[in-house]
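Peer 1: Could you work out the structure for the sequence below:
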Amino acid sequence: MSELLEALTVLEKEKNISKEVLLEAIETALIMACKNQYGKSDNVKVDINHDTCEFHVFIQKNVVEKVEDPSEEISVEKAHEIDPSLTIGDIASIEVQSKEFGRIVTQTAKNTILQKIREEERRAQYDEYVTKQHEVVTGVVQRYAGKNVKINLGKLDATLTENEMIRGEVFKPTERVKVYVLEVKAGSKGPQVLVSRTHPELVKRLFESEVTEVRDGIVEIKNISREAGSRTKMAVYSNNPDVDPVGACVGLNGARVNAIVNELKGEKIDIINWDENPAILIENALSPAKVISVIADADEKTAKVVVPDYQLSLAIGKEGQNARLAARLTGFKIDIKSESQAREAGDILDYDEYDEYEEEYDGEYSEEMNSEDEFLDDFDPYEGMADGEDNEYRED
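Peer 2: Next up is the predicted model:
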């Protein structure tokens with residue numbers, strides 16, 4: 001039995017399968033073996049010592065004077081051979097030696113135990129990897145399966161589908177790569193792990209592992225918009241006024257952000273300051289382009305942006321990428337015009353607040369001026385002077 005104990009200990013350590021579960025599987029297999037051997041298992045009892053793994057199998061039969069059902073009854077004479085104290089009406093426990101089982105019965109019991117081991121191994125793997133869902137893990141490239149890539153995560157292979165690969169990225173066998181765990185599904189052949197290299201959360205998790213301030217919650221990543229393999233925009237905010245969120249993410253001489261850029265095979269990353277004011281946020285999101293004015297409608301989630309003529313192509317970006325990423329990052333539909341286009345269209349650049357102020361106080365100011373005009377109309381500074389004095393004063 002020491003060999004069985006050793007085997008169960010190894011399985012528990014290597015496969016992460018509880019010894020208790022394995023002993024239950026052995027008990028079930030022995031009961032099934034008795035049923036296959038003797039045609040019945042209701043009266044089978046298995047005693048297992050969980051410390052030593054020593055086990056005994058018994059068939060319990062009623063002690064009777066005349067046996068009518070040999071599978072459930074035993075005569076007094078034969079019962080006395082087991083225990084002389086047994087009398088009619090007692091239960092006799094007859095030990096069964098497993099070596100008495102036939103070859104087929106033994107093979108069936110073995111298969112039952114192996115099946116339970118496989119089931120528990122799959123369950124243990126699922127429990128382990130489901131906790132890694134939505135996290136970044138490091139794997140080793142195994143092989144291409146069609147257009148997909150199999151990546152070994154330690155105890156199983158994950159699948160990186162073509163849609164979740166960065167465009168143009170080529171993998172070599174044994175290459176180490178970081179991937180984002182999209183989903184872990186339980187399957188009949190074991191857990192299926194789907195991973196991604198294009199998900200925006202991959203960038204976030206990489207910054208969490210690289211930047212201490214992000215990991216500790218001092219710097220908060222508010223939102224990310226990404227076109228994998230090309231460009232990412234990330235809005236950050238500092239919960240500590242003494243910590244610059246952009247500087248913390250960039251690192252000394254760009255060390256932190258460059259480590260992530262290298263992991264993403266050269267993908268550009270724009271890090272901007274997040275702001276509660278949507279106009280300021282949109283202006284920051286259009287970086288590196290300079291902005292003259294932003295008129296944002298928070299209810300309609302739309303914004304009109306005016307940029308200098310020479311900055312229009314930069315604000316829009318190649319094939320509209322910069323504007324597209326800024327729109328995803330902020331959640332606003334952004335309409336970008338050059339200064340010349342805005343003037344031709346009659347759009348107000350950034351004087352809305354001034355106009356509202358002017359309209360508010362224009363009426364009051366006009367009334368004051370009108371009353372002053374009336375006073376001046378009625379006032380004659382030369383009244384009371386003699387004709388000569390008046391003329392003399394006027395000439396002076």
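
Peer 1: three-state assignment of the residue nearest the centre of the chain?
Peer 2: Residue closest to the average C-alpha location in the chain (Cα atoms, centre = their mean): H134, at 2.8 Å. Following DSSP: H, G, I helix; E, B strand; the rest coil, H134 is assigned to coil.

Peer 1: I'd like to know how far it sits from Q192.
Peer 2: 16 Å (Cβ to Cβ, to the nearest Å). (Each C-beta comes from the backbone N, C-alpha and C, glycine too.)

Peer 1: re earlier: the residue nearest to the centre of the chain contacts H199, correct?
Peer 2: No - counting by Cβ atoms under 8 Å, H134 stays clear of H199, with 9.2 Å between them.

Peer 1: Show me whatever sits in contact with both of those two.
Peer 2: By Cβ atoms under 8 Å, 6 or more residues apart in numbering, H134 and H199 have these common neighbours: Y180, L182.

Peer 1: for Q192, what are its contacts?
Peer 2: Going by Cβ under 8 Å, 6+ apart, Q192 touches T159, V184, K185, A186.

Peer 1: so S75 bridges to which residues?
Peer 2: For S75, the beta-bridge partners are V64 (DSSP bridges).

Peer 1: give me the number of residues near it?
Peer 2: Counted with other Cβ atoms under 10 Å, the neighbours of S75 add up to 17.

Peer 1: what pLDDT does it get?
Peer 2: Predicted confidence (pLDDT) for S75: 87.

Peer 1: Same check on the one 10 residues further on?
Peer 2: What the model reports for S85 is a pLDDT of 86.

Peer 1: How many neighbouring residues does it have?
Peer 2: For S85, the count of nearby residues is 8 (other Cβ under 10 Å).

Peer 1: Check C34 too.
Peer 2: As a burial measure, C34 scores 24 neighbours (other Cβ under 10 Å).

Peer 1: Low-confidence stretches in the stretch 1-150 of the chain?
Peer 2: Within the stretch 1-150 of the chain, the stretches with pLDDT under 70 are 1-4, 41, 98-102, 105.

Peer 1: Alpha carbons of stretch 51-59, in PDB - could you do that?
Peer 2: Extracted C-alpha coordinates of stretch 51-59, given in PDB (Å, rounded to 0.1, in the frame of the first residue of the first chain):
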ATOM      1  CA  ASP A  51      -3.500   7.900   6.000                       C
ATOM      2  CA  THR A  52      -2.000   4.700   4.800                       C
ATOM      3  CA  CYS A  53      -4.200   4.200   1.700                       C
ATOM      4  CA  GLU A  54      -4.800   0.600   2.800                       C
ATOM      5  CA  PHE A  55      -8.200  -0.600   1.700                       C
ATOM      6  CA  HIS A  56     -10.600  -3.600   2.200                       C
ATOM      7  CA  VAL A  57     -13.700  -4.600   0.300                       C
ATOM      8  CA  PHE A  58     -16.600  -6.400   1.900                       C
ATOM      9  CA  ILE A  59     -19.800  -7.900   0.700                       C
END
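
Peer 1: now the nearest residue to R231 once chain neighbours are set aside: how far from E169?
Peer 2: In space, and not counting its chain neighbours, R231 is closest to K268: 4.6 Å by Cβ to Cβ, 6 or more residues apart in numbering. Applying Cβ to Cβ, the value for K268 to E169 is 15 Å.
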